[in-house]
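Student: A structural model of the following input is requested.
(one chain, ligands or ions: 1)
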Amino acid sequence: MSILIIGAGHAGGAVAASLRQHLPDAPITIIGDEPYLPYQRPPLSKAWLKSDVAFSVVGLRPQTYYEQRSIGLRLESRVAAIDCGYHTITLASGEVLTYGILILATGARARRLGLAGEDLPGVHVLRTLADADRIKAGLVAGQRLVVIGGGYIGLEVAASARLKGMDVIVVEREQRLLARVASPPISAFMKSFHERQGVAFRLETGVAGFDVREGRVTGVKLSDGEIRVADMVLVGIGAVPNMELAEAAGIACSNGISVDLEARTSDANVFAIGDCTERPLPHYGCRARLESVASALEQARQATAAIFGAKAPAPEVPWFWSDQYDVKLQTAGLPIGATQVEVRGDVDQGKFAVAHLDDEGRLCAVEAVNFPKEYMAGRAAIGNQRSA
Ligand SMILES: Cc1cc2nc3c(=O)[nH]c(=O)nc-3n(C[C@H](O)[C@H](O)[C@H](O)COP(=O)(O)OP(=O)(O)OC[C@H]3O[C@@H](n4cnc5c(N)ncnc54)[C@H](O)[C@@H]3O)c2cc1C
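Tutor: Below you'll find the model as predicted:
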């Protein structure tokens, strides 16, 4: 049974390793369009920007790991099409490869604003190591950074840039930061923490365009008419799932490639894992697309079990983390069905947790700031209280 994995990211690297443990002889090949061995993206907005970090720190495994286990790596190779009928994929070069099992681990790409000037020098998104290297080269003390989007990536880059001595302003369309992913107490805490570090904010403000001089973006035009001068701009407005390959092959997609708890798509021989998928969340009785390492790793285990013929692993409570300055934010669960919020700990001391409970007092989610004990206890309680 030959296994092809499309996408040499966190999910693709993880599923290759776990499959090899169970299937010592199956031909396994990872095909990725980036030039690197599978690596972790979380450090790109954190340690990678702040200090000189070697690739070996972010790489999932060294080259020798793949060589010794006969895991084929086709890097800088883009898959252009899938034919589920013939069990083939076609690379952009025209080469055709055959599979017994296909795993889609194509991840997501940075969302764009769709404004003129966005592709000019001076404007960045952050998804890949190459993006991070370009941003890092522009982090110069005293220069001005405009961050568009007050989500995790925007705030993490803002923190890294402030630590490098840049002048930073974050422009956010919503009324509060992290509006899509965190509760109001967390948003308020993070805003005042960043302000104390010298970051400025413009909330409820959109972006109308860019100021361009000599082929380079030199400013951001805000929706209220103000122009913010910028040496560098970061657009951090979310990610879009890479599901076009699957859609074109007739595989069912919604807000991502649709999969079940075995990471199986609508085609019995095709699995999908990681940021490109829309997956069931059994603790909450719904489906969603999660962009997290934890979800990618869980789905790698689900796919491995299904391919190997083992029982599906027990569903995990979703979890996530973010590091900004010395603040560690950890979240477990999702506030789906929550009707009450309880703040525990000491917000002023920067050590607290926000618990989200439903009508019956069951914990739906916990968000913890520098409070790993509450986070761990909350994560266990959600798993115990909510049957998956
Ligand atoms: C800056 C940053 C910070 C983050 N911080 C955190 C964090 O703190 N905590 C957390 O849990 N998560 C974090 N995440 C999210 C986390 O990195 C993702 O959830 C994780 O990388 C998902 O892995 P994946 O393999 O599904 O996708 P990816 O890692 O994106 O890998 C997909 C790979 O597939 C390749 N590909 C796509 N299409 C094709 C094709 N047609 N042919 C060949 N190759 C293709 C892509 O180029 C990419 O290399 C962060 C993400 C970013 C960008």
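Student: Report how many residues lie close to the residue of the stretch 1-150 of the chain found nearest the ligand.
Tutor: The minimum distance from the stretch 1-150 of the chain to the ligand, using CB to the nearest ligand atom, falls at residue 9 (1.8 Å). Any C-beta I mention is one placed from the backbone N, CA and C, and that applies to glycine too. Neighbours of residue 9 under the rule other CB atoms under 10 Å: 29.
Student: now do the one 4 residues further on
Tutor: The local packing count at residue 13 equals 27, with neighbours defined by other CB under 10 Å.
Student: Toward the C-terminus, what is the element adjacent to the helix or strand containing it?
Tutor: Using DSSP states H and E, residue 13 falls within helix 10-22. Downstream of helix 10-22, the first helix or strand assigned by DSSP H and E is strand 28-31.
Student: circling back to that earlier point, now do the helix holding residue 13: which elements does it pack against?
Tutor: For helix 10-22, the elements it packs on are strand 3-6, strand 28-31, strand 71-74, helix 293-308, judged by 3 or more CB pairs under 8 Å, 6 or more residues apart in numbering; DSSP states H and E.
Student: low pLDDT regions in the stretch 1-150 of the chain?
Tutor: By pLDDT under 70, the stretch 1-150 of the chain contains no weakly predicted segment.
Student: and it, which residues reach the ligand?
Tutor: Contacts of the stretch 1-150 of the chain with the ligand, taken as CB under 6 Å from any ligand atom, map to 6-12, 31-34, 41-42, 44-45, 78-79, 105-108, 126-127.
Student: of these, buried ones?
Tutor: 6-12, 31-34, 41-42, 44-45, 79, 105-108, 126-127 (16 or more other CB atoms under 10 Å).
Student: what sits up against stretch 256-268?
Tutor: 84, 104, 241, 243, 246, 249-252, 270-273, 275-280, 282, 287, 289, 299-300, 302-303, 305-306, 312, 315 (CB atoms under 8 Å, 6 or more residues apart in numbering).
Student: per-domain residue ranges of the protein.
Tutor: 3-109+240-308, 112-237, 326-385 (automatic domain parsing).
Student: Measure how far the shortest one is from the centre of its chain, please.
Tutor: It refers to domain 326-385. Averaging C-alpha positions (CA atoms, centre = their mean, to the nearest Å) puts domain 326-385 21 Å from its chain's average.
Student: Equivalent analysis for the second one, please.
Tutor: Averaged C-alpha coordinates place domain 112-237 at 18 Å from its chain's average position (CA atoms, centre = their mean).
Student: Next: the first one.
Tutor: Distance of domain 3-109+240-308 from the chain centroid (CA atoms, centre = their mean) equals 14 Å.
Student: what about it, start to end distance?
Tutor: 12 Å (CA to CA, to the nearest Å).
Student: Compute the inter-axis angle for the helix holding residue 13 and helix 293-308.
Tutor: Helix 10-22 runs at 40 degrees relative to helix 293-308, counting by axes from the mean of the first three to the mean of the last three CA atoms, to 10 degrees.
Student: Tell me which residues are up against helix 10-22.
Tutor: 3, 5-6, 26, 28, 30, 32, 37-41, 60-61, 65-66, 69, 71, 103, 105, 107, 273-275, 293, 296-297, 299-301, 303-304, 307-308, 310.
Student: For PyMOL, what selects the buried ones among these?
Tutor: This is the PyMOL syntax for the buried subset of the contacts of helix 10-22, where burial follows 16+ other CB under 10 Å:
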select buried, resi 3+5+6+26+28+30+32+37+38+39+40+41+60+61+65+66+71+103+105+107+273+274+275+293+296+297+299+300+301+303+304+307
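Student: What residues does the stretch 251-388 of the chain have near the ligand?
Tutor: 274-276, 291-294, 296, 320-322.
Student: ok, so of these, who is nearest the ligand?
Tutor: The closest of those, once distances to the ligand are taken by CB to the nearest ligand atom, is residue 274, at 2.1 Å.
Student: quick one: pLDDT of the closest one?
Tutor: On pLDDT, residue 274 comes in at 98.
Student: quick one, phi psi at it?
Tutor: Here is the backbone geometry of residue 274 (degrees, to the nearest 10): phi 90, psi -160.
Student: where along the stretch 1-150 of the chain do the strands fall?
Tutor: Secondary structure of the stretch 1-150 of the chain (DSSP state E, counting those that start in this stretch): strands at 3-6, 28-31, 71-74, 79-83, 88-91, 96-98, 101-104, 108-110, 123-124, 144-148.
Student: Output the contacting helices and strands for the third one.
Tutor: Strand 71-74 is packed against helix 10-22, strand 28-31, helix 63-68, with contacts defined by 3+ CB pairs under 8 Å, 6+ apart.
Student: go on, the fourth one?
Tutor: Using 3+ CB pairs under 8 Å, 6+ apart as the contact criterion, the secondary-structure elements in contact with strand 79-83 are strand 88-91, helix 244-248.
Student: which helices and strands does the first one pack with?
Tutor: If contacts are counted by 3+ CB pairs under 8 Å, 6+ apart, strand 88-91 sits against strand 79-83, strand 96-98.
Student: which of these sits most buried?
Tutor: Neighbour counts (mean count of other CB atoms under 10 Å) averaged over each of these peak at strand 79-83, with a mean of 17.
Student: Great, nothing more from me.
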